[in-house]
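> Sequence and predicted structure are below.
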Amino acid sequence: MSATIRASAAIALIAMLSGGCYLLQSAQGHLALMSKREPISGVIDRPSTPAALRAQLESVTAIRNFASSALGLPDNGSYRKYADIGRPYVVWNVVAAPEFSVDAKQWCFPIVGCVAYRGYFVEKRARRFAAGLHAKGFDVVVGGVAAYSTLGHFDDPILSSMVNWNDVELASIIFHELTHQMLYLPNDASFNEALATTVAEEGVRRWLQQQGRDTDLADHLLQQKRYLEVIALMNETRNHLRTLYASGLPPPLMRERKRETFEELRESYGALKGQWGGHAPFDAWFAADVNNAHLASIATYFACVPGFERELKAVGGNLPAFYRRVRELAKLDRQQRDLLVCGTPQGP
């Protein structure tokens with residue numbers, strides 16, 4: 001999941017013109033990363049390049065070409081360069097939610113609008129900021145993120161933090177991020193992320209079919225089915241907690257009911273793992289202290305996916321027609337979009 005919940009470096013673009021320690025660290029981290037880029041073709045041709053890295057970058061090149069030729073995603077310089085960042089994650093995201101709320105705290109910036117996280121290029125800064133929020137009573141999660149996007153403002157590279165993924169995971173992240181470059185609405189994370197998730201899943205399916213990899217596609221679809229079952233558990237828990245937090249119970253009793261609800265979520269997750277032979281998505285999450293912030297971040301990425309899948313099915317899987325429909329939806333106001341795509345109006 002950390003590959004999906006990512007920081008937008010477009011925030012860093014404003015840092016060069018604005019003050020503030022957070023924006024300054026964003027600009028410094030972004031510029032340091034961009035300085036490490038080199039053409040993938042050159043890395044592949046270099047005799048000293050390890051064979052495993054060369055193979056991964058050859059896959060990236062094929063995936064990148066497929067994204068534009070077969071999926072109609074932007075044909076630009078993104079993901080045609082490589083950067084060795086020398087660490088396992090490029091940024092660390094901080095997501096927070098009030099103790100008695102399942103809605104993530106928002107931070108607002110020029111260009112990108114409001115987002116439900118703060119991204120840091122230095123882990124200790126992320127954890128220091130998270131500790132401050134926790135001291136104020138927020139539920140907080142800090143997650144390392146291996147991928148990085150500037151929403152097309154720069155030519156985004158493939159990072160060394162990504163090259164240990166298999167080609168299905170690489171394809172998914174490339175398709176996802178290029179979708180953001182095609183269309184991104186400030187202040188509507190649910191729309192943006194659900195659209196990119198939908199296109200990425202359709203793209204992966206077509207990528208594997210084009211190569212005749214039926215077994216890999218079947219495995220992928222099974223993993224996605226399990227993934228969505230866990231998401232459904234989390235959404236059910238989130239809805240239950242939303243009702244609890246609106247109940248007006250005294251804080252001590254509400255706190256106890258909250259603890260019981262998260263314990264029930266853990267038990268349900270454990271039952272799913274048992275059905276699947278002891279392995280399931282989100283193991284790392286459930287190994288930690290799952291809280292409101294975890295649930296809020298999941299909702300941002302998946303709440304509106306069924307609506308976009310309906311729109312794609314309605315045009316017979318024709319991606320150009322789907323993109324035209326999505327651009328029309330983007331012209332509507334937030335409430336109209338949410339009624340059409342998400343089923344129910346979303347909060348501000």
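Structure's in. What do you need?

> Secondary structure class of residue 278, three-state.
coil (DSSP: H, G, I helix; E, B strand; the rest coil).

> in stretch 230-250, what's buried?
Using 16 or more other Cβ atoms under 10 Å as the burial criterion, the residues of stretch 230-250 that qualify are 230-231, 233-235, 237-238, 240-241, 244-245. Any C-beta I mention is one placed from the backbone N, CA and C, and that applies to glycine too.

> what does it contact?
Contact with stretch 230-250 is made by 100-102, 254, 257-258, 261-262, 264-265, 268-269, 272, 280-282, 292, 294-296, 298-299, 302-303, as judged by Cβ atoms under 8 Å, 6 or more residues apart in numbering.

> try 6 Å
100-102, 257, 261, 265, 268, 281-282, 295, 298, 302 (Cβ atoms under 6 Å, 6 or more residues apart in numbering).

> among those residues, which ones are buried?
100-102, 265, 268, 281-282, 295, 298, 302.

> Could you pull up the mean pLDDT of stretch 250-268?
Averaged across stretch 250-268, pLDDT comes to 96.

> Please identify the buried residues of that stretch?
254, 258, 262, 265, 268.

> mind listing which of those are in helices?
Taking DSSP state H, the ones among these that sit in helices are 254, 258, 262, 265, 268.

> quick revisit: could I get the buried residues of stretch 250-268 as a markdown table with distance to residue 29?
Converted to a markdown table, the buried residues of stretch 250-268 look like this (distance: Cβ to Cβ, whole Å):
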| residue | distance to residue 29 |
| --- | --- |
| 254 | 39 |
| 258 | 35 |
| 262 | 33 |
| 265 | 34 |
| 268 | 38 |
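
> Nearest to residue 94 among the residues you listed?
Residue 94 has its nearest neighbour among those in residue 262, at 20.0 Å by Cβ to Cβ.

> what about the strands in the stretch 1-150 of the chain?
38-39, 81-83, 91-97, 107-109, 113-115, 118-120, 139-145 (DSSP state E, counting those that start in this stretch).

> Parallel or antiparallel, which strands does the third one pair with?
For strand 91-97, the paired strands and their directions (DSSP bridges) read strand 118-120 (antiparallel), strand 139-145 (antiparallel).
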